[in-house]
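Quick one, what's the 3D model for this:
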Amino acid sequence: MVTVPFSELNGDGIMRALRKERQRKEAEAKAQRTAEAQRKREAEAKALRERAEACESSREESFRRCDNDGFLTQWAAGVSAQAYSLDADIVAQGGKWEFPALFDLEGTLVPARRERGQYGWYWELLNERGRRIGWFNESKAKNPETRRRNNAKKGYYVGTVRVPAEAGVRNTEPGTNWIATVPVRKDGGWSPDAEIVDNGQ
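Below is the predicted model:
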C-alpha cells in the first residue's frame, strides 16, 4: 500500500510515492534473488565437499586394505577428493576464480593467453580471431616493483581478472609426472568480458 502525506497529495507527490514504492519492491526482489543464489551456492559447495570427503575416505580405506598395492586406486581417489574440494571453493565464490591477465600501458586488457612451456610461463599474444601472433615473457625479477617496471619497458603490465572456472588436473612440472589439481579458466584462457580486479599498474 502506498501512503502519500496530505501535503503531497498532488500529481508530483503521488508519482514520487509510487517511484519510491517501486524502488522498494525492486530492492526487496533483488535481495531475495541474491539470498536464493547464495543458498544454492552453499548447498552445491556442501555437496561437493561431501563428495571430496567420500573420496578421501575411499583412499584411506584402500590403504588400510591393500597398503601400497592399491596405489593407483588411492592416487585416483586422492586427486578426485582434491578436485571436488577445489570445485566447492570455486562455487562458494560464485563460480569464479582470479587469474593473471595481461594489460597494455593504458590499463586495457590485452588479448593474450598464459601458457606453460619447458622453461616456465609465457604469454601468447592473440589476434581478434584468437590466433597467436606473438609472445611475451614476463620479468623474473624477485622484487615486485622491479618486475613491474621491467614488464612496462616491454609495453605490458601483469594484472588480475576474475572469470568462470573449474577444477582441473594438470601436469604442473613439465618433464615430470607431477600432477596437481588447479583452478582452470572456462573461457580457454582469454575473454574480453573478464572482470578486471587489478590492471597491474
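
so V163 touches G188, yeah?
No. The pair V163 / G188 is not scored as a contact, 10.2 Å apart, by CB atoms under 8 Å. No exception for glycine: its C-beta is placed from N, CA and C like everyone else's.

neighbour count winner among these two?
Higher neighbour count among V163 and G188: V163, with 20 against 9, using other CB atoms under 10 Å.

Over to the more buried one. Which of the three states is it?
Following DSSP: H, G, I helix; E, B strand; the rest coil, the label given to V163 is strand.

so who does I179 touch?
79, 169-172 (CB atoms under 8 Å, 6 or more residues apart in numbering).

Could you rerun that using 7 Å?
By CB atoms under 7 Å, 6 or more residues apart in numbering, the contact set of I179 is 79, 169, 171.

Can you tell me which of these are classed as buried?
In the contacts of I179, burial by neighbour count holds for V79, counting by 16 or more other CB atoms under 10 Å.

Let's have the contacts of I179 in a markdown table, adding pLDDT, secondary structure and distance to L105.
Output for the contacts of I179, formatted as a markdown table (pLDDT from 0 to 100; DSSP: H, G, I helix; E, B strand; the rest coil; distance: CB to CB, whole Å):
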| residue | pLDDT | secondary structure | distance to L105 |
| --- | --- | --- | --- |
| V79 | 78 | helix | 41 |
| V169 | 83 | strand | 36 |
| N171 | 73 | strand | 34 |
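
want to throw the contacts of I179 into CSV with distance to N127?
Output for these, formatted as CSV (distance: CB to CB, whole Å):
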residue, distance to N127
V79, 36
V169, 30
N171, 28
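
which one of the contacts of I179 is nearest R33?
Taking CB to CB as the measure, R33 lies nearest V169 of the contacts of I179, at 34.3 Å.
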